[in-house]
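K.L.:
sequence and predicted structure are below.
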Amino acid sequence: MHDFTIAEMIHHLKEKKFSSVELTEYTLQRIHSHDKTYNSFISINDEHALAQAKAADQRIALGDAPALCGIPIAQKDIFCTNGIRTTCGSKMLENFVPPYDSTVVENYNADGAIMVGKTNMDEFAMGSSNETSFYGAVKNPWNTNCVPGGSSGGSAAAVAARLVSGATATDTGGSIRQPAAMCGLTGIKPTYGRVSRWGMIAFASSLDQGGTITRTAQDAAIMLQTMASFDAKDSTCVDHPIDDYSATLNDSIQGLTIGLPKEYFGEGLNAQTQSRVEDAIKTLESLGAKVKEISLPHSHLSVPAYYVIAPAECSANLSRFDGVRYGHRCDDPKNLEDLYTRSRSEGFGDEVKRRILVGAYALSAGYYDAYYSKAQKVRRLIKQDFVDAFNEVDIIAGPTSPSPAFEFGAKSTDPVAMYLEDVYTIATNLAGLPGMSIPCGLVDEKPVGLQLIGNYFAEAKLLNVAHQFQHSTDFHTLVPNHLKGGQ
Amino acid sequence: MVTYASFLKPNTKSTVELSVEPSEIQQLAYLAKLNINNDTVNETASSITEVLALVDQLQQANTEGVTPMAHPLDAIQTLRPDEVTEVNVREKFLTIAPASQDGLFLVPKVVE
């Protein structure tokens, strides 16, 4: 049963091959028996999931249930869940039980999806390897000596290990696309403002965006349909019509123009990764697409701009954790200052502290213009590069990450090396554009991702291209060796 | 050893003072309400110096006449009618507070 995609599960539920309760019980049992190997879940919510599954079965029996009704999914532990612990991968929120649902969770609940658990992640989504989680690192199902990528590493590992068929995720600088690439999955980060951030614990508010990790583009279309909404409670959410993402999956890509940014194929890109990506682009050409070399001349400034803007916003966002209203509080505070300082110092890990300090530095008097204001100007230049490119091409393609999954500890002591993991993904966050990663082959038995970047609100086009690619390739069906044969 | 993409090599000709002193880190930590203990302050200072060397590449960009970008779609703040819509959920919030008393959040004595 765990080999079914979401689309297949929907079909079987409809055909009454099994009930949602049976599917959910099976899923929970599989998570309990296999997740010790991967550590992809922070919480497993048996009781909650089974109650949802019973309700879903009743709704399915009545007919006319939404597509996702009765399908088990996992939520990244960054989305607040009413009455269910939400940690954001941090000790700070070890005992935090939100009194409300995030809009994303509300949307999935409304459609009858079953939340089986909350997935592990880098602390406050700050990391590219899932090694900064207070709840332990997540192991990559393709190679358990390697990281699954981050920050949505738990969501990616859970889907790659066939524990669930789909999971929510968030992407501030590549946190959906990079783990999707490293775990051989399909990840989509929609346009900024497409998915509500209400109840999604904030890291860098002008960059954070929710999305999904699934095995196929077809499943991504189903999951995103439920997730996307206009939400008046998120003041940066954009009121823009939502396409029917499944309706155009089968459209031909004949005549589609794909831009290949020359800056994304330079030094620093693993040669074998490059070769898989180039082969994938040839496949798209064989389906009728045309390719055109383009330039995104400010690409080299993406990582520097990001590492001013993201820490600056993080230092402001994380100031809310004060040990007073919720979250960790130190024992026996001597005074208010001691309460704040000790609660925060005990509650946050090293990477979070580093980013708060970098942000505080960039925002401090005398440095604001040199860093923050400068980075916001550069951000506009980066966006303009894309605007110019999309006058000539329909989508942009390139690698998702410079190389496949790396071993634990390989980059954890070198923040700059870790930051460069996101060198190809960060620019789309700065520009607010939608991006995807789809599997395009293996290097040393580890998956590699093809990144597709679309124009604003072109999620349906991205999913269409990804689906057409998956229609003529089988990379998305590959499974780690030890999971073959129904394991 | 980090392999940088050629276009990402940290710029060595910095235009601002890059080295962050441990004393500056302690001042930033004080402002951010964080404790950085003396054993790790040098390490923190050097890792932050490295990050700043990376971001210093921004200084190369010609941004004359460019307006800083706050929202990717240049959206403006949406406003709602000025009506009370939220219900009072004080009890719910106090339930998740680490310490509360008489319907209020509890903090150490502030005024002697």
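P.N.:
It's in.
K.L.:
which helix in the chain has the most residues?
P.N.:
As the question left the chain open, I've gone with chain A. If you go by DSSP state H, chain A has its longest helix at helix A:20-38.
K.L.:
wait, I meant chain B there
P.N.:
Max-length helix for chain B by DSSP H is helix B:41-55.
K.L.:
contacts for that one?
P.N.:
For helix B:41-55, the surrounding residues in contact (Cβ atoms under 8 Å, 6 or more residues apart in numbering or on different chains) are A:303-305, A:307-308, A:353-354, A:357-358, A:361-362, A:371, A:375, A:415-416, A:419, B:10-11, B:14, B:18-22, B:24-26, B:36. Quick note: C-beta positions are derived from backbone N, CA and C, even for glycine.
K.L.:
what residue lies at the spatial centre of chain B?
P.N.:
Ranked by distance to the mean C-alpha position of chain B (Cα atoms, centre = their mean), the top residue is residue B:32 at 8.2 Å.
K.L.:
spatially, what comes nearest to the one residue in chain A that gets nearest to chain B if we skip its sequence neighbours?
P.N.:
Closest to chain B within chain A is residue A:432: 2.2 Å, counting by Cβ to the nearest Cβ. The spatial neighbour of residue A:432 that comes closest, neighbours along the chain excluded (Cβ to Cβ, 6 or more residues apart in numbering or on different chains), is residue B:72 at 2.2 Å.
K.L.:
how about the contacts made by the residue of chain B found nearest chain A?
P.N.:
Closest residue of chain B to chain A, Cβ to the nearest Cβ: residue B:72 (2.2 Å). By Cβ under 8 Å, 6+ apart, the contact set of residue B:72 is A:192-193, A:206, A:383, A:430-433.
K.L.:
any chance of these in a markdown table, plus distance to residue B:45 and neighbour count?
P.N.:
A markdown table is the format used below for the contacts of residue B:72 (distance: Cβ to Cβ, whole Å; neighbours: other Cβ atoms under 10 Å in any protein chain shown):
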| residue | distance to residue B:45 | neighbour count |
| --- | --- | --- |
| A:192 | 34 | 27 |
| A:193 | 38 | 23 |
| A:206 | 28 | 20 |
| A:383 | 34 | 21 |
| A:430 | 28 | 30 |
| A:431 | 33 | 25 |
| A:432 | 34 | 26 |
| A:433 | 36 | 25 |
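K.L.:
mind checking which of those are in helices?
P.N.:
A:383, A:430-431.
K.L.:
just give me the closest of those residues to residue A:293.
P.N.:
Of all the ones in helices among the contacts of residue B:72, residue A:293 sits closest to residue A:431, with 19.5 Å by Cβ to Cβ.
K.L.:
which residue ranges of the chain form strands?
P.N.:
Reading this off chain A. With DSSP state E applied, chain A shows strands at A:41-44, A:72-76, A:114-119, A:166-171, A:186-189, A:209-214, A:257-261, A:290-294, A:395-399, A:435-443, A:446-454, listed in chain order.
K.L.:
actually it's chain B I care about, not the one you picked
P.N.:
Remark: strands assigned in chain B by DSSP E are B:100-101, B:104-105.
K.L.:
could you export the contacts of residue B:72 to JSON lines, including columns for distance to residue A:337 and pLDDT?
P.N.:
Formatted as JSON lines, those follow (distance: Cβ to Cβ, whole Å; pLDDT from 0 to 100):
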{"residue": "A:192", "distance to residue A:337": "37", "pLDDT": "97"}
{"residue": "A:193", "distance to residue A:337": "38", "pLDDT": "95"}
{"residue": "A:206", "distance to residue A:337": "31", "pLDDT": "94"}
{"residue": "A:383", "distance to residue A:337": "41", "pLDDT": "97"}
{"residue": "A:430", "distance to residue A:337": "36", "pLDDT": "97"}
{"residue": "A:431", "distance to residue A:337": "41", "pLDDT": "97"}
{"residue": "A:432", "distance to residue A:337": "39", "pLDDT": "97"}
{"residue": "A:433", "distance to residue A:337": "43", "pLDDT": "98"}
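K.L.:
using a markdown table, lay out those together with distance to residue A:177.
P.N.:
Below are the contacts of residue B:72 laid out as a markdown table (distance: Cβ to Cβ, whole Å):
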| residue | distance to residue A:177 |
| --- | --- |
| A:192 | 14 |
| A:193 | 18 |
| A:206 | 18 |
| A:383 | 18 |
| A:430 | 14 |
| A:431 | 14 |
| A:432 | 15 |
| A:433 | 12 |
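K.L.:
how far away from the center of its chain is stretch A:129-148?
P.N.:
Remark: stretch A:129-148 is offset 15 Å from the chain centroid, using Cα atoms, centre = their mean, to the nearest Å.
K.L.:
my bad, stretch B:77-91
P.N.:
28 Å.
K.L.:
show the pLDDT at residue 34.
P.N.:
Reading this off chain A. If you check residue A:34, the pLDDT there is 97.
K.L.:
my bad, chain B
P.N.:
For residue B:34, pLDDT reads 97.
K.L.:
for stretch A:32-47, give me every contacting residue.
P.N.:
A:28, A:31, A:74, A:77, A:84-85, A:87, A:89, A:115-121, A:133, A:135-139, A:141, A:144, A:148, A:153-155, A:157-158, A:161, A:163.
K.L.:
got a ChimeraX select line for the buried ones in those residues?
P.N.:
A single ChimeraX command selects the buried members of the contacts of stretch A:32-47 (16 or more other Cβ atoms under 10 Å in any protein chain shown):
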select /A:28,31,74,77,84,85,87,89,115,116,117,118,119,120,121,133,135,137,138,139,141,148,153,154,155,157,158,161,163
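K.L.:
check the contacts of stretch A:32-47 against chain B, which are close?
P.N.:
When contact is defined as Cβ under 8 Å from any Cβ of the partner chain, these do not meet chain B at all.
K.L.:
contacting residues around the helix or strand of chain A with the lowest mean pLDDT?
P.N.:
Every helix and strand of chain A was ranked by mean pLDDT, DSSP states H and E. The lowest is helix A:415-419, at a mean of 86. Contacts with helix A:415-419, where a contact means Cβ under 8 Å, 6+ apart, come from A:127-129, A:303, A:306-307, A:351, A:354, A:411-412, B:2, B:10, B:47, B:50-51, B:54.
K.L.:
how far does it sit from the chain's center?
P.N.:
Relative to the chain's own centre, helix A:415-419 is displaced by 19 Å; criterion: Cα atoms, centre = their mean.
K.L.:
equivalent analysis for stretch A:119-127, please.
P.N.:
11 Å.
K.L.:
closest to residue B:112 among the ones in helices among the contacts of residue B:72?
P.N.:
When the ones in helices among the contacts of residue B:72 are compared against residue B:112 (criterion: Cβ to Cβ), the nearest one is residue A:430, at 48.8 Å.
K.L.:
the closest one and residue A:382 touch, don't they?
P.N.:
Yes: the pair residue A:430 and residue A:382 passes the contact test of Cβ atoms under 8 Å, sitting 5.1 Å apart.
K.L.:
okay, and the common contacts of the two?
P.N.:
Joint contacts of residue A:430 and residue A:382 (Cβ under 8 Å, 6+ apart) are A:302, A:305.
K.L.:
can you tell me which residues contact residue 31?
P.N.:
I went with chain A, as the question did not name one. Neighbours of residue A:31 in contact, by Cβ under 8 Å, 6+ apart: A:41, A:44, A:116-117, A:158, A:163-164.
K.L.:
should've been chain B
P.N.:
A:360, A:364.
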